[in-house]
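A.B. asks: Using only what follows, build the 3D model:
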Amino acid sequence: MTSPEAVSSPPVKPMTSSEAVSSPPVKSMTSSEAVSSPPVKRMKLPEAVSSPPVKPMKSPEAVSSPPVKRMKLPEAVSSPPVKSMTSPEAVSSPPVKPMKSPEAISSPPVKPLLDEPRLTATIDTGYEYGLYSVSCLSDEHFWTCGENEIMKLLNLQGKLLTSIQTESGDRPQDIAVTRNGDLVYAEDDIKTVSLMKNEQIQTVITLQGWTPINVCSTASDDLLVSMNSDDYKQCKVVRYSDFTET
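C.D. replies: Numbers count the residues shown, from 1 in each chain. A predicted model of the protein is given here:
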């Protein structure tokens with residue numbers, strides 16, 4: 001290749017800055033002419049927001065209220081006078097029934113025991129094979145039971161006054177008379193204790209797993225029932241108050 005001097009090229013004519021780019025002259029604008037916008041109207045604060053006038057509150061002295069009537073305590077609260085009550089009046093409750101005890105129950109005077117037994121009467125009870133139990137109703141009358149299902153009320157003269165039969169038809173195991181004069185008897189075959197009151201018989205105690213053997217009435221009119229377990233390995237005495245075990 002040849003050197004740069006060997007290449008023939010037209011001479012470059014330098015241009016002035018005004019000749020290089022032909023453009024219209026730029027008009028210088030002021031800041032107010034650059035952006036055209038409507039003039040902003042400046043309003044005073046009372047004209048900018050229209051609100052109803054605020055009504056000043058009245059002070060406590062300015063509020064009109066009816067005068068307060070001051071009353072004395074008896075006039076302010078009308079109530080009946082408080083009656084001073086004693087303890088029984090303060091709480092109305094049914095009277096408490098005291099529990100029965102041998103001392104609280106009126107019982108006939110106890111006759112002194114004789115040093116030697118005295119025979120007062122010999123009575124034929126009518127049982128052929130044996131007399132099992134006797135319970136006194138009074139000094140002149142007594143209940144008996146024997147080998148059959150019949151229980152007899154006799155007097156000292158041996159007169160039969162009345163007789164009853166067990167409901168089961170079995171002989172009673174034992175008999176007793178309550179303080180009210182009612183007859184009580186136990187039946188081991190059906191494990192019950194029954195009461196005859198006003199010639200009506202009702203079952204009052206029914207046992208399970210135990211057999212009644214003897215029965216007696218206490219001074220407090222409770223019942224004591226001795227019993228054996230069905231396997232004959234245990235025995236006990238149970239007190240019944242109003243025919244409920246206690």
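A.B. asks: since we're on the closest residue in space to residue 229 that isn't next to it in sequence, how many residues are nearby?
C.D. replies: Counting by C-beta to C-beta, 6 or more residues apart in numbering, residue 229 lies nearest to residue 210, which is 5.9 Å off, once chain neighbours are set aside. Where C-beta positions appear, they are placed from N, C-alpha and C, glycine not excepted. Residues near residue 210, counting by other C-beta atoms under 10 Å, number 17.
A.B. asks: And for residue 138?
C.D. replies: Count around residue 138 with other C-beta under 10 Å applied: 10.
A.B. asks: Tell me the secondary structure of it, please.
C.D. replies: Secondary structure state of residue 138, per DSSP: H, G, I helix; E, B strand; the rest coil, is coil.
A.B. asks: Distance check, it against residue 200.
C.D. replies: According to C-beta to C-beta, to the nearest Å, residue 138 and residue 200 sit 21 Å apart.
A.B. asks: Now for the nearest residue to residue 127 once chain neighbours are set aside: which residues touch it?
C.D. replies: Distance criterion C-beta to C-beta, 6+ apart; nearest residue to residue 127, sequence neighbours excluded, is residue 146 at 3.1 Å. Counting by C-beta atoms under 8 Å, 6 or more residues apart in numbering, residue 146 touches 125-132, 171.
A.B. asks: of these, buried ones?
C.D. replies: Among the contacts of residue 146, the ones that count as buried by 16 or more other C-beta atoms under 10 Å are 125, 171.
A.B. asks: Identify those among the contacts of residue 146 that sit within strands.
C.D. replies: 131-132 (DSSP state E).
A.B. asks: low pLDDT regions in the chain?
C.D. replies: Scanning the chain with the threshold set as pLDDT under 70 gives 1-109.
A.B. asks: 80 instead?
C.D. replies: Residues of the chain meeting the criterion pLDDT under 80: 1-111.
A.B. asks: strand partners of the host helix or strand of residue 240, parallel vs antiparallel please.
C.D. replies: Using DSSP states H and E, residue 240 maps to strand 235-241. Partners of strand 235-241 in the sheet, by DSSP bridges, are strand 223-229 (antiparallel), strand 244-245 (antiparallel).
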